[in-house]
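**Q** Quick one, what's the 3D model for this:
(chains A, B, C, D, E and F)
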6 protein chains.
Amino acid sequence: MVDLHSPMLNRLIDAWLDEDLGRGDLSQPALNKGIGSAYWMAKQRGLFCGGELIKRIFKRLDPSVEIHLLIHDGDAFNAGEKLLNLQGPKGALIAGERTALNLAMHLSGITTTTATLVKELQGTGVRLADTRKTTPGLRILEKYAVRCGGGVNHRLGLDDAAMLKENHLAWTSGITAAIQEVRKNAPWPSRIIVEAETPQQAEEAVHAGADGILLDEMRPDILHSLVPKLRALAANGSANGLPRQVVLEASGVNPKDLKEYAACGVDLISSSKPITNSSWIDFSMRFKEVI
Amino acid sequence: MVDLHSPMLNRLIDAWLDEDLGRGDLSQPALNKGIGSAYWMAKQRGLFCGGELIKRIFKRLDPSVEIHLLIHDGDAFNAGEKLLNLQGPKGALIAGERTALNLAMHLSGITTTTATLVKELQGTGVRLADTRKTTPGLRILEKYAVRCGGGVNHRLGLDDAAMLKENHLAWTSGITAAIQEVRKNAPWPSRIIVEAETPQQAEEAVHAGADGILLDEMRPDILHSLVPKLRALAANGSANGLPRQVVLEASGVNPKDLKEYAACGVDLISSSKPITNSSWIDFSMRFKEVI
Amino acid sequence: MVDLHSPMLNRLIDAWLDEDLGRGDLSQPALNKGIGSAYWMAKQRGLFCGGELIKRIFKRLDPSVEIHLLIHDGDAFNAGEKLLNLQGPKGALIAGERTALNLAMHLSGITTTTATLVKELQGTGVRLADTRKTTPGLRILEKYAVRCGGGVNHRLGLDDAAMLKENHLAWTSGITAAIQEVRKNAPWPSRIIVEAETPQQAEEAVHAGADGILLDEMRPDILHSLVPKLRALAANGSANGLPRQVVLEASGVNPKDLKEYAACGVDLISSSKPITNSSWIDFSMRFKEVI
Amino acid sequence: MVDLHSPMLNRLIDAWLDEDLGRGDLSQPALNKGIGSAYWMAKQRGLFCGGELIKRIFKRLDPSVEIHLLIHDGDAFNAGEKLLNLQGPKGALIAGERTALNLAMHLSGITTTTATLVKELQGTGVRLADTRKTTPGLRILEKYAVRCGGGVNHRLGLDDAAMLKENHLAWTSGITAAIQEVRKNAPWPSRIIVEAETPQQAEEAVHAGADGILLDEMRPDILHSLVPKLRALAANGSANGLPRQVVLEASGVNPKDLKEYAACGVDLISSSKPITNSSWIDFSMRFKEVI
Amino acid sequence: MVDLHSPMLNRLIDAWLDEDLGRGDLSQPALNKGIGSAYWMAKQRGLFCGGELIKRIFKRLDPSVEIHLLIHDGDAFNAGEKLLNLQGPKGALIAGERTALNLAMHLSGITTTTATLVKELQGTGVRLADTRKTTPGLRILEKYAVRCGGGVNHRLGLDDAAMLKENHLAWTSGITAAIQEVRKNAPWPSRIIVEAETPQQAEEAVHAGADGILLDEMRPDILHSLVPKLRALAANGSANGLPRQVVLEASGVNPKDLKEYAACGVDLISSSKPITNSSWIDFSMRFKEVI
Amino acid sequence: MVDLHSPMLNRLIDAWLDEDLGRGDLSQPALNKGIGSAYWMAKQRGLFCGGELIKRIFKRLDPSVEIHLLIHDGDAFNAGEKLLNLQGPKGALIAGERTALNLAMHLSGITTTTATLVKELQGTGVRLADTRKTTPGLRILEKYAVRCGGGVNHRLGLDDAAMLKENHLAWTSGITAAIQEVRKNAPWPSRIIVEAETPQQAEEAVHAGADGILLDEMRPDILHSLVPKLRALAANGSANGLPRQVVLEASGVNPKDLKEYAACGVDLISSSKPITNSSWIDFSMRFKEVI
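**A** Numbers count the residues shown, from 1 in each chain, chains lettered A, B, ... in the order given. As a prediction, the model looks like this:
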């Protein structure tokens, strides 16, 4: 789950609510006073994401809003299915409606798309990973949606793992030197990953002690021979003479080729598709009079 | 253009950068010192959006970064086309790369999708409007992208126009009373728009002085007769005996039916598709040594 | 009412409290522990404003503070009248005292002054509107106070309606071009208002499709003939051949001439006086021991 | 001068600008590009306040705006007098216009009113002090305006000096105990001031070591004998046997009685009038084409 | 006590929690659900500080956490002593553990060190004061810890008292002019303190009306004669002919010489040691299953 | 180096400056106008830390301040050595003085203490790591200071590596289950570290696939046999049959025993001492007239 303890999450939610409320909801004076109830309904099928976040959004507006989730994050729903019930002051339900729907529809779209790709990999032992291609401001939430769809998260930012990409390498003194420089300065638990465009780069990186290799846009036939070679190189040991493991990741893979790539023995296939190429799942919030 | 004077924009950009940088980019120690140059290239065709925002992102990191845009917002580009050149301290170029790309790829996707729908309406005099279905935190930017694609913005939030939707009406004392209550409290320039599910609701709303009617999920044959009827009602005058205009908007329209709906005489067709149903356009940033 | 759902309101209140508390109230160690009660008393007559805001201020300091309002916003009170009762931890009552009083005394002054001007217009059908001359940081609150006094709010900022003023026009390509340019870019529900210094400007603006005309510092005799002329122009239709309405507003009116101007048939008279030229109404908070 | 180094000031200005700009100035698309120039003119006489703040406001919007002040803070101007010249990007000048004018007109009103009261005290050696009755969010600026008008600031908040007021005393174990308790906990440079409603309270406070006494709503004849008595008490020494000084302040004084109170020998007369009872001074900003 | 009403304190705590939680605690998925209980134990002897702050930290994470303090701030504890009990959702207890411990261990170290120095001064009537040498971001908390250890706080910042130090004086027109300039502009309750490097400077400062003199790095034999001389100067009166008091403070004193300096008759000895030269006191938080 | 691109760093610096400046530096009116110059001098020997941060602090106050560093972070200096030169507006130099000194003195203390411990390990190949015992609000800066002293950073927070400590394990279903649960949810590059109190726990953790083992408070004789055993276990392979490496870390080591522990073959020894048990290094800033 997204870590709901983080004060940062409250600040995010406040910013979203202010974005929609601006100087104040003009429709409020037309509303009858009192408590109202409402529910959410799915207008198409998919996988759900965002339950606890929806709760938090409405409770930031008014702690007395009560929300009863009828579905867990990651679960499937059908068109027409009821997703949750809400009850609370009418003004608060209307003030939070759009923001909560927008978030959950967006995240559920990501979860649903992720699951489609993950299904392709079922039984292969290979995991689908996301990337840093995320909508500005929503990274931890979109990455959570990927997990709900069965994917695994790649690094969360520039600071929890180092990835030396083609661009970086152009501005360093080479793969080996770059790995050494990062290792010297980074916290010891940080993994160093190298994006390799060629088998030679991949080998140099393993030799120099990289923890992971991103094998970018390499053909399956190349990967078939390269993957065991890299694993052997790692098992043969590193600077300190001890055998190591290296995590091998394929990227730049067309979704329809997932199975073929999985067969190459990589650990991970990373894809930005669930985030950059998914549509929102349509939900609606329906109101009824309660008291 | 997005209003670049707003201090709020700087806070947004800072939040995005912090999201990616976290406690600091681990790759920085591997970079050679000095100035680098880079450029952006489109990996697929589309319409561009985000030029001034990209500038702002890099300049927040380091005011000495220089960016030369080769394309204007709203303009078309081909796959392989160069979009902009950058020059500045290497660390700043790498620190801003992902955030700037993510924003521009997302916005350009919206602009491109919008333009496709707008093209359908070409020559009809009917405009395509967006909705409040926007990604939390990015509303003014996504709405700007819609404008770049030839669309027109609907209200920006709950506070710059009042829209009485089906849900609101369930909790008010009816359309007429709701309009009066909002009119009494809202700033005078605020328009009041009523979402009508039936022709009767639409007529009541016009009669009660609504400035706009959202004709939701009504069939074209119904609209053909309803639209002139509503216009006539308005021209016949309102409370103060003076003729008025009413803005008529169709919603819930399948993109393939845009032309048919446009022929019904409405002023606007609103659609969330450009935002909820568009893919990012792929750009890449390529680095080269300069000094 | 001010929209109390907005997270922005909490941030405003926190900033006000920090302004007064600084690094901490030095008098706290002298206070006996426990719960205290207090009440507010008016030291002069006037109209009240700020009840829900006062509640919010004290509850930000300590949610256990209980406040019982004895008067509604917009209602009149006499000197010596009790306005509200409070009960809560003594430290919280003292910590919020000055901030809450300052806000309510300031807003009540605005409400009281507004009501005096509004009374002049009673029976004329003409409404008194405020302006953007508001104290930095307090706009939505001061505009709320104007509404409590019977006034109507003009636009809330530069973004919810466009007003082309004398200054803008000096830097555009003329009234007609400016209106077209704004219309093309602004959200469709935004009204465009033109400040006219001369009848000719007013006519051009109506012709070009302005939604409202601010008739600035024109003599009543001029308005008497201009108003019906502008209304007729609008009713004769616009670009799309349909009759329209135009909202006519007089400004630069001396308070003593309000009735005379109202007789000219305008819809609104705008005045900054309730905000720029009103005195605070004096309240005091009296404490008593309760437990 | 207001301390312009404080990062807090930048946050205040950003908040004010966002308040007016909201989601962006709708008039910007109508403006011709390029640099414009403008000037400020006084529409009535008064004393000026806010020069450096005006500069800061425009420069937050665009550092390239150039402002040339023609008058110093605290100086007098006549109706029709030019106050300052501005030059910069047109969009920035329009975006900052209202906020800067609102601030300076409000502060100049306070400076002007302060000076009127200060003039009453001229030659008496008695200084006019402000209070904590300030508009929420603007305290340091309003207190600066008081200084520009010749007044002296009282404490800035609850944390830079302790004032034991009638209300506090109701909740403490008496004046002497309260002074001791505060002295024990407050930073040593903090002065302790006691609000006395009776001569007896004033004497107890001086005896207990108060640094200042606020003589609230006491008649001049009472003050005439009380003031020298209190000074003698202080000079006779305190806990440590050493002679002390005590600052004596009259409050609750009608402006017309200032001279009479000054003659009683107090050091200060405090009044909230310059802030709670002053009108804005009217300025206008006029634009001209420059390039 | 630290003033717990301040909204600023909540912002500080949020920032600390975000610093540790980052994008979310990775260990949370491993935790069994439900309520847990825990306690804090001292691993070495010392004086406690931070009880109410610890409560606030955990309650920001989850208001349902219950904390029972077994010791008051400022009290002594032994190694192995239990300090407090906690009960609440396991995730919240783990999320707040490190931040709360770090704060309390740091503050308790300051309190403990302060008490050691204060003990040296016992019976002398001279108080130990802190300085502005505090860890950035923690000043009010560290100064509170000093008070808990029996010390007295010096000014809290640059704004609640003016201290003219050697460096300032180099850039002013001399002690007397500097005092006059500050007195003219500062709030009247602000004390002015002058740092004197020589007896002559001290005398000039007293003569010019300084409220306090910081006698920096003067030998005890010099102080023995200077202290009574300065007190006499002050008692002889100032500008207004009235006798005054002056607070005399020694600084730059080696901890082992505290008694000798105290014997010189100064009021205060200031030292940064409790903050710049103290070690954390080691606490640990132990968890147990509760439900 | 600390990543200076992060907008978060600017917010930290603003908060520190506001902490000291409060409502504004009262001494500013006494300062002569114009540019001043100053330098920093070490009052005792040590290792320097904070150069770029000092620059940033002064430049936030006034971008025109020029700072010339005479020493690099991590380098040694002697008592009396000049560390840097500054030149800029006098007011800005005084406004930033205390904050910059406090930060650099604190960080240099940490760097100096770290280096002392690191020296003990020289030639052993074992590295000294820090912990999460850092002063709230200063973690990335204090961890940077540790690096400057030759130490290596452990994880930066709860989110960049998972450490299952004694406390966590009490609330999980055992080491193996906890590792599996975290592995399933954490980003793939995150390492999982287990704190082992006994050799059995350490073995279970390696077997279950932990990336690192924190061997807490184990005697050297135990480590001597345990370390090779754990390495062999890892090399024998894991779930996927491939040999792995495990990072072995000793904690709870008395500084005087560092060498003895290093001889046990661990990779790291972690210690909070450089942060929890170091004194500030004393610097002073000296001013001189320049123009």
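**Q** what pLDDT, on average, does the helix or strand hosting residue A:232 get?
**A** According to DSSP states H and E, residue A:232 maps onto helix A:220-235. Helix A:220-235 shows a mean pLDDT of 95.
**Q** need the next SSE after that helix, C-terminal direction.
**A** strand A:247-251.
**Q** Off-centre distance for that next one?
**A** Relative to the centre of its chain, strand A:247-251 is centred 17 Å away, using C-alpha atoms, centre = their mean, to the nearest Å.
**Q** Next one: the helix holding residue A:232, is it in contact with chain F?
**A** Yes: with C-beta under 8 Å from any C-beta of the partner chain as the measure, helix A:220-235 is seen reaching chain F through A:231, A:235. Glycine gets a C-beta too; all of them are placed from N, C-alpha and C.
**Q** Whether stretch A:197-208 contacts chain B - can you check?
**A** No: using C-beta under 8 Å from any C-beta, stretch A:197-208 stays clear of chain B, coming no nearer than 11.7 Å.
**Q** Name the surrounding residues that touch that stretch.
**A** Outside stretch A:197-208, the residues within contact range by C-beta atoms under 8 Å, 6 or more residues apart in numbering or on different chains are A:164, A:166, A:175-176, A:179-180, A:194, A:196, A:213, A:215-218, A:222, A:226, A:229-230, A:233-234, A:246.
**Q** let's see it at 6 Å
**A** A:175-176, A:179, A:194, A:196, A:213, A:216, A:226, A:230, A:233-234, A:246 (C-beta atoms under 6 Å, 6 or more residues apart in numbering or on different chains).
**Q** is it possible to export the residues you listed to JSON lines including distance to chain B and neighbour count?
**A** Shown next, in JSON lines, are the contacts of stretch A:197-208 (distance: C-beta to the nearest C-beta, whole Å; neighbours: other C-beta atoms under 10 Å in any protein chain shown):
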{"residue": "A:175", "distance to chain B": "10", "neighbour count": "24"}
{"residue": "A:176", "distance to chain B": "11", "neighbour count": "15"}
{"residue": "A:179", "distance to chain B": "8", "neighbour count": "24"}
{"residue": "A:194", "distance to chain B": "11", "neighbour count": "29"}
{"residue": "A:196", "distance to chain B": "16", "neighbour count": "27"}
{"residue": "A:213", "distance to chain B": "16", "neighbour count": "26"}
{"residue": "A:216", "distance to chain B": "12", "neighbour count": "19"}
{"residue": "A:226", "distance to chain B": "24", "neighbour count": "22"}
{"residue": "A:230", "distance to chain B": "21", "neighbour count": "25"}
{"residue": "A:233", "distance to chain B": "22", "neighbour count": "17"}
{"residue": "A:234", "distance to chain B": "21", "neighbour count": "25"}
{"residue": "A:246", "distance to chain B": "18", "neighbour count": "23"}
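**Q** Just list what the least confident helix or strand in chain A by mean pLDDT packs against, helices and strands only.
**A** Ranked by mean pLDDT, DSSP states H and E, the weakest helix or strand in chain A is helix A:166-170, scoring a mean of 84. Other helices and strands packing on helix A:166-170, by 3 or more C-beta pairs under 6 Å, 6 or more residues apart in numbering or on different chains; DSSP states H and E, are absent; none qualifies.
**Q** what's next to that helix, contact-wise?
**A** A:195, B:27, B:287.
**Q** returning to that earlier point: looking at the contacts of stretch A:197-208, spot the one nearest residue D:90.
**A** Among these, residue A:216 lies closest to residue D:90 (C-beta to C-beta), at 47.6 Å.
**Q** Longest helix in chain A, please.
**A** Assignment by DSSP state H gives helix A:90-121 as the longest helix of chain A.
**Q** and it, anywhere near chain C?
**A** Yes: for helix A:90-121, a contact with chain C is found by C-beta under 6 Å from any C-beta of the partner chain, at residue A:95.
**Q** picking up where we left off before, C-terminal to the least confident helix or strand of chain A, what's the next element?
**A** helix A:175-185.
**Q** buried set for that following helix?
**A** Within helix A:175-185, the residues scored as buried using 16 or more other C-beta atoms under 10 Å in any protein chain shown are A:175, A:178-183, A:185.
**Q** What parts of the stretch 151-291 of chain A come near chain F?
**A** Residues of the stretch 151-291 of chain A lying near chain F (C-beta under 6 Å from any C-beta): A:152-153, A:155-156, A:160-161, A:187-189, A:191, A:235, A:242-245.
**Q** other SSEs contacting the helix or strand just after the longest helix of chain A?
**A** Counting by DSSP H and E, the element after helix A:90-121 in chain order, helix or strand, is strand A:127-129. Helices and strands touching strand A:127-129, by 3+ C-beta pairs under 6 Å, 6+ apart, are helix A:90-121, strand A:268-270.
**Q** ok, and what's touching strand A:127-129?
**A** Contacts of strand A:127-129 (C-beta under 6 Å, 6+ apart): A:117-118, A:121, A:151-152, A:154, A:268-270.
**Q** Dump those residues to CSV, plus pLDDT and neighbour count.
**A** Shown next, in CSV, are the contacts of strand A:127-129 (pLDDT from 0 to 100; neighbours: other C-beta atoms under 10 Å in any protein chain shown):
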residue, pLDDT, neighbour count
A:117, 98, 20
A:118, 98, 18
A:121, 97, 19
A:151, 98, 26
A:152, 98, 21
A:154, 98, 25
A:268, 97, 22
A:269, 98, 25
A:270, 97, 23
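**Q** Would you reformat these as a markdown table and include distance to residue C:133?
**A** Converted to a markdown table, the contacts of strand A:127-129 look like this (distance: C-beta to C-beta, whole Å):
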| residue | distance to residue C:133 |
| --- | --- |
| A:117 | 57 |
| A:118 | 59 |
| A:121 | 63 |
| A:151 | 55 |
| A:152 | 57 |
| A:154 | 53 |
| A:268 | 61 |
| A:269 | 61 |
| A:270 | 56 |
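**Q** For residue D:137, state which of those residues is nearest.
**A** When the contacts of strand A:127-129 are compared against residue D:137 (criterion: C-beta to C-beta), the nearest one is residue A:154, at 44.2 Å.
**Q** Grab the nearest non-local neighbour of that closest one.
**A** residue A:129 (4.6 Å; C-beta to C-beta, 6 or more residues apart in numbering or on different chains).
**Q** Ramachandran coordinates for the nearest residue to residue A:77 once chain neighbours are set aside?
**A** What sits nearest to residue A:77 in space, not counting adjacent residues and going by C-beta to C-beta, 6+ apart, is residue A:42, at 4.9 Å. Geometry field for residue A:42 lists phi and psi as phi -80, psi 130, criterion degrees, to the nearest 10.
**Q** ok, residue A:42 - contacts?
**A** Residue A:42 neighbours (C-beta under 6 Å, 6+ apart): A:77, A:79, A:81, A:83, A:283.
**Q** ok, and the most crowded of those residues?
**A** Among the contacts of residue A:42, the one with the most neighbours (other C-beta atoms under 10 Å in any protein chain shown) is residue A:283, at 23 neighbours.
**Q** Looks like it contacts residue A:105 (just checking).
**A** Yes: using C-beta atoms under 6 Å as the test, residue A:283 is close enough to residue A:105 to be in contact (5.5 Å).
**Q** Would you list the phi and psi of the one residue in chain A that gets nearest to chain D?
**A** At 6.7 Å from chain D, residue A:22 is the closest residue in chain A, using C-beta to the nearest C-beta. Main-chain torsions, residue A:22, degrees, to the nearest 10: phi 50, psi -130.
**Q** and it, what does it touch?
**A** B:157, B:159.
**Q** and residue A:72, helix, strand or coil?
**A** Secondary structure, DSSP: H, G, I helix; E, B strand; the rest coil: residue A:72 is coil.
**Q** Nice, that's everything, thank you.
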